[in-house]
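Q: give me a model of this one.
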Amino acid sequence: MHWCPGGPRWFSSVVLIGSLSLTSLGCASATPKPPSLTGRWRAWFRLDTASRLPFAAQAHEVTGQLYFRPAPPASLPQDARTWRLVHPGTVAVEFKPFGFALGTTEALGWYQGKDTVRIILDPTVDHGHVELVGSGAAEEIDGHWQLISDPARAEGEFRLHRLD
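A: Numbers count the residues shown, from 1 in each chain. Prediction:
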């Protein structure tokens, strides 16, 4: 439970007034702003499992780069429970050695909470894109990736390291 120095006053105010937000009393717990994805990232991917891919897998590791631009400003009003800064970007990773290829170099990335990152590579298609989910600090993100396709399947681990 979050302790608020004006707790009893807050309770009395709610009883007397009917409703009052904690933020108006300065008692709301501040949600820390997640770090920005903006910038260049060195990317490492490992293929752990694959099936029914369009090409023969020839490698178990590939590297490349991701680049994220600043997220555009949000339109108002915004629902704080679902709102997030989405960074548009590009990917320069050749996945053909894993047995598949992306259709575009587009990427979208955002933080869910303070340290969980979700990135979609080739986000303009409903299948055939790669989804990354990871966690980490502002300089390095580790996690799991998967190819979202039918019938092809591939997944593994990834690591991103900030270059600038």
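Q: so in terms of bridging, what pairs with Leu132?
A: When bridges are assigned using DSSP bridges, the partners listed for Leu132 are Ile119, Trp145.
Q: was I right to think it contacts Phe158?
A: Yes: counting by Cβ atoms under 8 Å, Leu132 does reach Phe158; the two are 5.6 Å apart. Backbone N, C-alpha and C define where each C-beta goes, glycine included.
Q: what residues are shared contacts of the two?
A: Residues touching both Leu132 and Phe158 (Cβ atoms under 8 Å, 6 or more residues apart in numbering) are Gly143, His144, Trp145.
Q: select from those the one having the most neighbours.
A: Trp145 (22 neighbours; other Cβ atoms under 10 Å).
Q: direction included, what does the helix or strand harbouring Arg40 pair against?
A: Applying DSSP states H and E as the criterion places Arg40 in strand 39-51. Sheet pairing for strand 39-51, assigned by DSSP bridges, gives strand 61-68 (antiparallel), strand 153-162 (antiparallel).
Q: quick check: mean pLDDT across the longest one?
A: I take that to be strand 153-162. The pLDDT scores in strand 153-162 average 97.
Q: tell me the gap between that strand and the middle of its chain.
A: Remark: strand 153-162 is offset 13 Å from the chain centroid, using Cα atoms, centre = their mean, to the nearest Å.
Q: what's the distance between the residue nearest the centre of the chain and Ile141?
A: The centroid of the chain falls nearest to Arg118 when counting by Cα atoms, centre = their mean (2.2 Å). Look at Arg118 and Ile141: by Cβ to Cβ, to the nearest Å, they are 11 Å apart.
Q: how many neighbours does Asp122 have?
A: Residues within reach of Asp122, counting by other Cβ under 10 Å, total 21.
Q: I should have written Thr104 there, sorry.
A: Neighbour count for Thr104, taken as other Cβ under 10 Å: 13.
Q: so what's it closest to, chain neighbours aside?
A: Residue nearest to Thr104 in three dimensions, not counting chain neighbours: Asp122, with 5.1 Å by Cβ to Cβ, 6 or more residues apart in numbering.
Q: and the pLDDT for that neighbour?
A: 96.
Q: can you check Ala137 too?
A: You'll see Ala137 listed with a pLDDT of 79.
Q: how close does it sit to Tyr111?
A: Remark: distance between Ala137 and Tyr111 (Cβ to Cβ) = 12 Å.
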